[in-house]
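> quick one, what's the 3D model for this:
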Amino acid sequence: MSPTWRDEHLEAGHRAELLLAEMTTAEKCHQLTARMAWSLVKADGTDADGAEDVLRHPPGHVAQLILDDPAQLAAMVGTIQKQVLSRSRLGIPVLFHAEALSGFLNGGHMVFPSGTGLAAGWSPDLVEEMTDLIRRQMRRTGLMHALSPVLDVALDPRWGRVHETFGEDPYLCAALGVAYVRGLQGTDVSQGVMATGKHFLGYAAPPGGLNLSAFESGARRTRDLFAYPFEAAIRLAGLRSVMNSYADVDGVPAGASPEVLQDLLRDTLGFDGFVSSDYTTLEQLVDRQRITKDAAEAGRLAIRAGLDVEMPNPYGYGDVLAAEVERGVVDVRHVDDCVRRVLRAKFEVGLFEHPYPVESIDVAAAAREGADLSLELARRSIVLGQNNGILPLTPGGLDIAVIGPHADAPTFQFPTYTYVSWREANEAVMRGELGTMNGAEETVSAWYSALFGAWDGDSVAPSLAAEIGDHARTVRVERGCTLTEDLGSLDPAVEAARAADVVVLALGGASLWFTGERTEGEASDTADITLPAAQVRLAEAVAATGTPLAVVLVQGRAYALPKVIQDAAAIVVAPYAGPFGTQAIADVLFGVVNPCGKMPYSLPRHSGQIPVYHHQKAGSGYRNPLPPSVSRHYLDLEATPLWPFAHGLSYTTFALSDLDCGADIDAYGTAHVSATVANTGPRDGATVMQLYLRVNTSPVTRPAQQLAGFTRVELAAGESRRVTFEIDASQLAYTNLARQVAVEPALVDVFVGLDSDDRSLAGSFAVVGSARVVEGAERSFLSRARPHP
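Residues are numbered from 1 along each chain as shown. This is a model prediction of the structure:
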């Protein structure tokens, strides 16, 4: 008997090949498309208008099915899956995808801190624990494709999506990205959820900080910096999906570039999964980037480049692509390559054997899952930026004024790509403030009206004032201003400040989807990253009272801080952290938790310094030596950041000592760098011990320093611990003069510190002997930190 694709004992690639052989051109071309759920079913589960025509050649994917609770979601997934399986010729199950950036983006599931919040915690182990939970939540509701994590290296804080990333450092992005993917996909992807690394490539480095802008970079920087987290996730965690960037790379849009999707991603980085288009990529080739005249040409360019799946609806694929194949202008081999990758992924994830959600979900239990983890991640994400001794505040003994736009606005803790923000956007659609896809307005409105009830965003979490009230003698709350606008008189805020023992000035930003008052978010960029003027005016009025000022900055990216903030008695930086964000802030303010967060980005003094990331090239930017008789790089300002990357204080103190850089190594060896960290202060605490290297090769310029390892160390007061970093020589590889990734002889300067500018310990070792070209899978991306007993 001939083998059949239905035989689950066969290897996934073999099954995909057998199934591909049975498919018609139209079936293949639609397997590469997605559809919104409402094009298949109505809110009550019956056929949508036109569903019969869609099911003639069903899509391979369903886009962004988001509902109020997991039981409701599972039921709808089951209805759509049954519709496709029972009414299509081959019965190929659809792959449902969802966002999972700060938790599974669906109602009734836990929300976790945003990307920069997770990065501020420097805890890959907890990130993997978080995504392991997301994996289980998604699988039981029948969704097996996550459009996360964001692996972009964010160098420009003007860009509104920085908070979705893991910050400015490629090594930190790689370490957290690998952990994120491992948790989602699991040790066996047949029990996992396919992760999607996005946005390939260079999306977070747009000129001017403007979203959707071109990516301008040389080949070495592209490979060694921006591709680093993607390659690490591919090589170390088996990343199964990648999403293209909207940017054009070296003049060609990424979604239509064989150089990006084939030469770099597949041939060079070793990716063998499927590429998912960012939403409306093909439309943008026509309407925005204007490299094609119509949908058919966009489809031809994308399929030849290796863009496997068009989302969220057919435009240049589906019937349009099938017609191009039949016309003879698209080689069916390109289509087959893409379909083969998609089918193999579906077999790998076990979708054919387990297409349906679980039959019963405890909604109340699901909503509680991950609560303790979310709180711990929120606590670890808080950065104590400065403190003159005012913090921690004394519990129970203070009259506190909580003033500012974050004083009583818990929804600000929920950025884009969380359910709260998504519901707020839906409400805006229903009010007519936010458009939807052209031609779908009536359908979408009917869908939302039938499936979603009244929404009370203020009930999603306690306010900061309420959390502070649990610790203070009395609390008075005054907003003083909105995020960006005055509210009229500042007198109530000033009066509250005068009457208080301490003012907690709750300032910062908010991330929303395309509408409403916001400072960050998708398509929400800013030319000036200074704290909004209305907040500065409020701060100056409150500071003039002389009442001690503890500033809380809730933000997803860097703000340039005015003098009134810099002069505050204390500054606490908090991310968008979800339901426990305000509790985590209060816990730090009152010393329930000893802060241990470290900034995942440098804090500029001024917008004019951008970019000011710590790993600038030697001899470039603020890493450039000053000429004789010149006192500083700018005439009007220091060129260094106000706070360096990885800055963060504690209520205790730590000291580093006894650096040992070990013996020299050859290009196949392993370097061992050891140092001792001690808690020299009065209370237990945790810090992040960091290893930085400067690799002095010739003749290509290298970063003045690179983060090459880190470990979070918890120590009791008076306790010390020795830590050894083990660095495989291949981690030092870079794109050399011959454009080979190689380890070359070099003196390697070593810095071990508690932030990127800490030079407490400095030394060196050498890479000696012959150079070594490092082939793909041989490359090491992450060092190992080994604590000694």
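
> point to the residue nearest the middle of this structure.
Thr165 (3.2 Å; Cα atoms, centre = their mean).

> point out where the chain drops to low pLDDT.
1, 435-441 (pLDDT under 70).

> tell me the domain ranges of it?
12-363, 382-604, 654-787 (automatic domain parsing).

> tell me the SS of Leu747?
strand (DSSP: H, G, I helix; E, B strand; the rest coil).

> in terms of contact, does it touch Val768 like I think?
No. Using Cβ atoms under 8 Å, Leu747 is not in contact with Val768; the gap is 9.8 Å. Placement of C-beta: from N, CA and C, glycine included.

> now do the helices in the stretch 451-600 of the chain.
464-469, 491-499, 533-543, 563-566, 581-589 (DSSP state H, counting those that start in this stretch).

> could you check the angle the second one makes with helix 533-543?
When you say that, I think you mean helix 491-499. 40 degrees (axes from the mean of the first three to the mean of the last three Cα atoms, to 10 degrees).

> helices or strands up against helix 491-499?
strand 399-403, strand 474-478, helix 533-543 (3 or more Cβ pairs under 8 Å, 6 or more residues apart in numbering; DSSP states H and E).

> one step back: among the domains of the chain, which comes closest to Arg6?
Arg6 lies closest to domain 12-363 among the domains of the chain, at 7.7 Å (Cβ to Cβ).

> re the thing from before, packed most tightly, which of the helices of the stretch 451-600 of the chain would that be?
Sort these by mean neighbour count, taking mean count of other Cβ atoms under 10 Å, and helix 581-589 sits at the top with a mean of 27.

> what's in contact with that helix?
Residues outside helix 581-589 that contact it (Cβ atoms under 8 Å, 6 or more residues apart in numbering) are 113, 375, 378-379, 381-382, 384, 391-393, 410, 413, 461-464, 466-468, 470-471, 504, 550, 552, 554, 572, 574-575, 577, 592-593, 595.

> name the SS class of Val723, please.
Val723 ends up strand, using three-state DSSP.

> how many neighbours does it have?
20 (other Cβ atoms under 10 Å).

> again, but for Gln72
Neighbour tally, Gln72, other Cβ under 10 Å: 17.

> separation between it and Thr79?
Distance of Gln72 to Thr79, given as Cβ to Cβ, to the nearest Å: 11 Å.

> quick one: the strands in the stretch 401-550 of the chain, in order.
For the stretch 401-550 of the chain, applying DSSP state E, counting those that start in this stretch gives strands covering 474-478, 502-508, 549-554.

> and Arg56, how many neighbours?
Quick note: Arg56 (other Cβ under 10 Å) scores 13 neighbours.

> I misspoke; the intended subject was Thr676.
Using other Cβ under 10 Å, Thr676 has 18 other residues around it.

> report the contact partners of it.
Per Cβ under 8 Å, 6+ apart, neighbours of Thr676: 656-658, 720-723.

> closest to Ser277 among these?
Val723 (43.4 Å).

> what about the residue nearest to Glu638 when sequence neighbours are not counted, which SS state?
In this structure, Glu638 finds its nearest non-sequential neighbour in Arg632, 5.8 Å apart by Cβ to Cβ, 6 or more residues apart in numbering. Recorded secondary structure, Arg632: coil (three-state DSSP).

> Arg632 reaches Asn624, doesn't it?
No. Under the criterion of Cβ under 8 Å, Arg632 makes no contact with Asn624, lying 11.2 Å away.

> OK, contacts around the residue nearest to Leu649 when sequence neighbours are not counted?
Excluding its sequence neighbours, the residue lying closest to Leu649 (Cβ to Cβ, 6+ apart) is Leu384, at 4.2 Å. The contact partners of Leu384, by Cβ under 8 Å, 6+ apart, come to 391, 570-572, 588, 595, 597, 648-651.

> repeat that for Gly251.
Going by Cβ under 8 Å, 6+ apart, Gly251 touches Ala214.

> list the contacts of whatever helix or strand Val320 lives in.
Using DSSP states H and E, Val320 sits within helix 319-327. For helix 319-327, the external contacting residues (Cβ under 8 Å, 6+ apart) are 25-26, 28-30, 32, 57, 295-296, 299-300, 303, 314, 330, 332, 335.

> kindly recompute the last result at 6 Å.
Contacts with helix 319-327, where a contact means Cβ atoms under 6 Å, 6 or more residues apart in numbering, come from 25-26, 29, 295-296, 299-300, 330, 332.

> where's Ala34 relative to Leu538, distance?
Counting by Cβ to Cβ, the gap from Ala34 to Leu538 is 46 Å.

> show me where the stretch 151-300 of the chain has helices.
According to DSSP H, counting those that start in this stretch, the helices that the stretch 151-300 of the chain contains are 170-185, 219-221, 228-237, 258, 281-287, 295-305.

> thinking again about what came up before, how about the domains of the chain, which one is nearest Leu642?
Of those, the one closest to Leu642 (Cβ to Cβ) turns out to be domain 382-604, at 4.8 Å.

> tell me the gap between the helix holding Val320 and the middle of its chain.
37 Å (Cα atoms, centre = their mean, to the nearest Å).

> buried residues in it?
320-325 (16 or more other Cβ atoms under 10 Å).

> so which of these is the closest to Tyr668?
Leu321 (47.7 Å).

> format the helices and strands packed on helix 491-499 as CSV; extra columns: distance to Ala777.
Output for those, formatted as CSV (distance: least, Cβ to Cβ, whole Å):
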stretch, distance to Ala777
strand 399-403, 54
strand 474-478, 57
helix 533-543, 50
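
> out of these, which comes closest to Glu99?
helix 533-543 (29.7 Å).

> thanks a lot, see you next time.
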